[in-house]
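Trainee: Would you be able to build a 3D model of this:
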Amino acid sequence: MKKSIIIILISIIVVSCKENDIKNNFIGKWTSVDNFYGLKEFEFYHDSLIGYEEGQKYFSEWNVDESKIYINRTNQRTLELIEKFEVEYEFSENKDSLYFKRSTDTIFFEYPVLVRIDNRLN
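Mentor: Sure thing, here's the model as predicted:
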């Protein structure tokens, strides 16, 4: 019984650490090359995503796995869900550019959709 509990706890810790490692690759400021979903700049934090468009600020919750990013865009005042979407992603080799593929696409965009402009957030 003790062995089973230890194995379960170790499994949970390993999965949790792996998710944080993946999320850490996103943390920082990114700019949109092609007005991705109408937004021009993004700030990825561990617990939130902020998007900017023409002076407007949009807050979202986000999560990620090994191949997809999941975004829930919410109304800042009411916290009501405005938009929910997911896209497949790939990083460039040095992790400074993000390529996306929507569910309706057969291949990834041939140019990066987001380019990292700062990997430190205060």
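Trainee: Tell me the gap between stretch 66-73 and the middle of its chain.
Mentor: Here stretch 66-73 is found 6 Å from its chain centre; the criterion is Cα atoms, centre = their mean, to the nearest Å.
Trainee: hmm, who's touching that stretch?
Mentor: 22, 26, 49, 51, 58-64, 81-89 (Cβ atoms under 8 Å, 6 or more residues apart in numbering). Bear in mind the C-beta positions are built from the backbone N, C-alpha and C, glycine included.
Trainee: How far away from the center of its chain is stretch 100-109?
Mentor: Taking mean C-alpha positions (Cα atoms, centre = their mean), stretch 100-109 and its chain are 16 Å apart.
Trainee: avg pLDDT for it?
Mentor: For stretch 100-109, mean pLDDT is 82.
Trainee: What of stretch 112-122?
Mentor: 76.
Trainee: oh, and call the first residue 396 from now on, that's how I've got it
Mentor: Let's use 396 as the start, then, which means that last one is stretch 507-517.
Trainee: Would you mind listing where the protein has pLDDT under the threshold?
Mentor: 396-415, 430-434, 471-474, 506, 514-517 (pLDDT under 70).
Trainee: partners of the spatially most central residue of the chain in the sheet?
Mentor: Nearest to the mean C-alpha position of the chain, counting by Cα atoms, centre = their mean, stands residue 464 at 5.0 Å. Using DSSP bridges, the bridge partners assigned to residue 464 are residue 459, residue 482.
Trainee: Going along the chain, name the helices of this structure.
Mentor: 397-419 (DSSP state H).
Trainee: Any chance of a ChimeraX selection covering the buried ones in the contacts of stretch 461-468?
Mentor: Listed next is the ChimeraX selection for buried residues among the contacts of stretch 461-468, using 16 or more other Cβ atoms under 10 Å:
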select :421,444,446,453,455,457,459,481,482,484
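Trainee: Show me the contacts of stretch 461-468 that map onto strands.
Mentor: Members of the contacts of stretch 461-468 lying in strands (criterion: DSSP state E): 444, 446, 453-459, 476-484.
Trainee: Brilliant, that's me finished.
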